[in-house]
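Engineer: sequence plus predicted model, see below.
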Amino acid sequence: MMNFRQRMGWIGVGLYLLASAAAFYYVFEINETYNKLALEHIQQHPKEPQEGTTWTHSLKVRLLSLPFWLWTIIFLIPYLQMFLFLYSCTRADPKTVGYCIIPICLAVICNRHQTFVKASNQISRLQLIDT
């Protein structure tokens, strides 16, 4: 039997994936503004900035010239973090919610390592008594 948090988690995952599909459709559907800017960027490479250009136009041109892998990293890491958080809300154990998020995961791993080192030091200090 699922509790309320798990049901809301699954609804959140479904809505998140539906919104992602809609966003991907919009991005990969031929968007007139992006195509116009991309073609304009490819067709003319001025050596010096024109006097009629605005700061928004120059910002768009510079952002379009960033490599694809950088855009992928910029959008993929937060996307996956949000998805994994929503997916962790579907778990039965509420203590494991959020363990998929990178900062929390790193904190848990470091805390476990410190606990293991502390326990190892305490065990090595104990004297074994033979009877």
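Structural biologist: Nice, I can see it.
Engineer: sticking with Ala23, tell me its helix or strand.
Structural biologist: helix 4-28 (DSSP states H and E).
Engineer: in that helix, which residues are buried?
Structural biologist: Buried residues in helix 4-28, counted by 16 or more other CB atoms under 10 Å: Gly9, Gly12, Val13, Tyr16. All C-beta spots, glycine's among them, are computed from the backbone N, C-alpha and C.
Engineer: so the second one sits right up against Cys89, yeah?
Structural biologist: By that I understand Gly12. Yes: in this structure Gly12 lies within contact range of Cys89 using CB atoms under 8 Å: 6.6 Å.
Engineer: Cys89: neighbour count?
Structural biologist: 20 (other CB atoms under 10 Å).
Engineer: you'd agree it is up against Met8?
Structural biologist: Yes: using CB under 8 Å, Cys89 makes contact with Met8 at a distance of 7.0 Å.
Engineer: what distance do you get for Phe4 to Cys100?
Structural biologist: Distance, Phe4 to Cys100, by CB to CB, to the nearest Å: 21 Å.
Engineer: Tyr16 now?
Structural biologist: With CB to CB as the criterion, Tyr16 and Cys100 are 14 Å apart.
Engineer: before we move on, what about Gln43?
Structural biologist: With CB to CB as the criterion, Gln43 and Cys100 are 44 Å apart.
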